[in-house]
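Asks: Starting from these lines, generate the structure:
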Amino acid sequence: MTPRLTRSLHMTRQEAEAALDGLRKQIARYARLAVTKGAAVQPGQELVIRASVECSDFVRMLAYEGYAAGAGHVTVMWSDIELDRLEYTYMDIDYFKAVDPWTKEQYNTLAANGAAFLMVTASDPHALTGIDPQKPATRMQAHNTQCDVYRKGLDFGHNTWTIVGAPTEAWAKTVFPNCSKYEAVYRLWHAILVASRAMGSDPQVEWERHNAAFEKNKRLLNGYAFDRLHYTSSNGTDLWVGLNRGHVWMGGACRTVNNTVYFPNIPTEEVFTSPDRNRINGVVHSVLPLVYAGNTVEDFWFRFEDGRVVDYDAVKGKDVLQAIIQTDKNACRLGECALVAKNTPIRQSEILYYSTLYDENASCHLALGTGFPECIEGGYSMSKEELIASGVNQSDVHVDFMIGADDLSIIGVTPEGQDVPVFVDGCWAWDVQ
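Replies: Alright, predicted model coming up:
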């Protein structure tokens, strides 16, 4: 996949820095969008920002917009991938099995007090190459299980949250390898703003229009109440995905239990639900790399039987897949199936971001691990055991991988046995008829 933006003449450092300076007004509007629409900060509410130290300039913009929106306080949690790599290199895996008490207390207390969480993804896709993938997987599992109030707050609609992107030099150079680091950062900022629908004079109004576009597809899918979906494409994908009775298709804005509207992902192009954890059968092939905990997996596939991964392989990164699948007893099952047409801005840009936040919005995708309580009727009031009994998978991980080939076909089968085309050649069937 060749990025369109690298086909132009290269910029000098001065030109790139001037071009980036010209984007500052749009970046500020993007920060406002992230705070007010994404995290949906309310007057007096705590805003928690998690970000890399390399994104400090953008984090200051986010903090300013948080206070401007009336946040009671802004807490910033910094990360540094180089320090993380040192820890993974020199510490034994047992170290990562427990979360520091003060970290657990901070996350759980902030969530219990109703904070809004804003995560900035900006990591180098190759930062942990050569590191045992079991170590970051173990740390992630420990965080998701031991920061239980925090995880429940995000998963069960008690706290608003959002994920947005901001460039780092390493990430930008991965996306635009033929550019200088200065030009690459500018081009990645430009691409992020376009993908996030934040290049206009009022991104917040644009997002209201964008959210309205989700409603037709959700209405049609929820109206059919399909029993199962059949995915096929010429790359070898031949997969049956069973759907739960009472499943709900979601997309665009979400609502907390207190009816606060927020956007978990900026950008987002997907309509998604949680499938029946026990009724997944067949083979599915990836179409884009998977970046997980600083490692990249390429050209991989899974075989499912009765909901479980029973075989898999990858040209690169099979050990990373193994670490994911072995996280816990349910990490080998699906928690999400998401539909994304190939005519979205991200797919049309022909940019490979090496970031799940962006690449998943260029392609239909599935996710290993935990499912969503909002994707089944009454799910927010169910316990984890009740969700599992209803067919919604529960796990300590949620890992998206992209399967949306250009010729992907999806047939929905109604409870009465009627076949209904949902996707034809990678696009919504009802949009190409």
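Asks: What pLDDT is listed against the residue nearest to the spatial centre of the chain?
Replies: In the chain, the centroid-proximal residue (C-alpha atoms, centre = their mean) is residue 357; its distance is 4.1 Å. pLDDT, residue 357: 94.
Asks: residues touching the closest residue in space to residue 375 that isn't next to it in sequence, list them.
Replies: Excluding the flanking residues, the one nearest residue 375 by C-beta to C-beta, 6 or more residues apart in numbering is residue 274, at 4.0 Å. C-beta coordinates here come from the backbone N, C-alpha and C atoms, glycine included. Taking C-beta atoms under 8 Å, 6 or more residues apart in numbering, we find residue 274 in contact with 244, 247, 335-337, 371-372, 375-376, 391-393.
Asks: give me the number of residues near residue 235?
Replies: Counted with other C-beta atoms under 10 Å, residues neighbouring residue 235 total 17.
Asks: how about it, secondary structure?
Replies: Under DSSP: H, G, I helix; E, B strand; the rest coil, the three-state class of residue 235 is coil.
Asks: same check, this time on the one 4 residues further on
Replies: In the three-state summary, residue 239 is assigned as strand, counting by three-state DSSP.
Asks: can you pull up the bridge partners for it?
Replies: Note on residue 239: beta-bridge partners residue 231, residue 282, judged by DSSP bridges.
Asks: how far away is it from residue 302?
Replies: 9 Å (C-beta to C-beta, to the nearest Å).
Asks: Over to residue 66?
Replies: 40 Å.
Asks: Also residue 118?
Replies: Relative to residue 302, and taking C-beta to C-beta, residue 118 is found at 32 Å.
Asks: Looking at these two, which one has more neighbours?
Replies: residue 118 (29 against 26).
Asks: and the top helix by length along the chain, what does it pack onto?
Replies: Scanning the chain for the longest helix, with DSSP state H as the assignment, gives helix 203-224. Secondary-structure packing of helix 203-224 (3 or more C-beta pairs under 8 Å, 6 or more residues apart in numbering; DSSP states H and E): helix 24-33, strand 250-251, strand 271-273.
Asks: least trustworthy helix or strand in the protein by mean pLDDT?
Replies: Counting by mean pLDDT, DSSP states H and E, the chain has its least confident helix or strand at helix 345-348, which shows a mean of 87.
Asks: which parts of it are buried?
Replies: Using 16 or more other C-beta atoms under 10 Å as the test for burial, helix 345-348 gives 346-347.
Asks: can you pull out the helices in the stretch 251-400 of the chain?
Replies: Assignment of helices within the stretch 251-400 of the chain using DSSP state H, counting those that start in this stretch yields the ranges 318-325, 345-348, 356-359, 384-389.
Asks: For residue 194, which of these is the nearest?
Replies: With C-beta to C-beta as the measure, helix 345-348 is the member of the helices of the stretch 251-400 of the chain nearest residue 194 (6.4 Å).
Asks: Need the contact partners of that closest one.
Replies: 194-195, 197, 267, 269, 340-341, 353, 358-359, 361-363.
Asks: Tell me the one of those residues nearest residue 416?
Replies: Nearest to residue 416 among the contacts of helix 345-348, with distances taken as C-beta to C-beta, is residue 341, at 26.6 Å.
Asks: Thought residue 344 was touching residue 269, still the case?
Replies: Yes: here residue 269 reaches residue 344: they are 4.3 Å apart, a contact under C-beta atoms under 8 Å.
Asks: re the thing from before, tell me the angle of the longest helix of the chain relative to helix 24-33?
Replies: 50 degrees (axes from the mean of the first three to the mean of the last three C-alpha atoms, to 10 degrees).
Asks: pLDDT value on residue 431, please?
Replies: 88.
Asks: Can you pull the residues that touch both of residue 239 and residue 302?
Replies: With C-beta under 8 Å, 6+ apart, residue 239 and residue 302 have common neighbours 283-284.
Asks: where in the protein is pLDDT low?
Replies: Scanning the chain for pLDDT under 70 picks out 1-9, 433.
Asks: Which residue ranges make up the domains of it?
Replies: Following automatic domain parsing, the chain resolves into domains at 10-195, 217-253+267-432.
Asks: Need these in CSV (columns: distance to residue 205).
Replies: CSV is the format used below for the domains of the chain (distance: least, C-beta to C-beta, whole Å):
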stretch, distance to residue 205
domain 10-195, 10
domain 217-253+267-432, 14
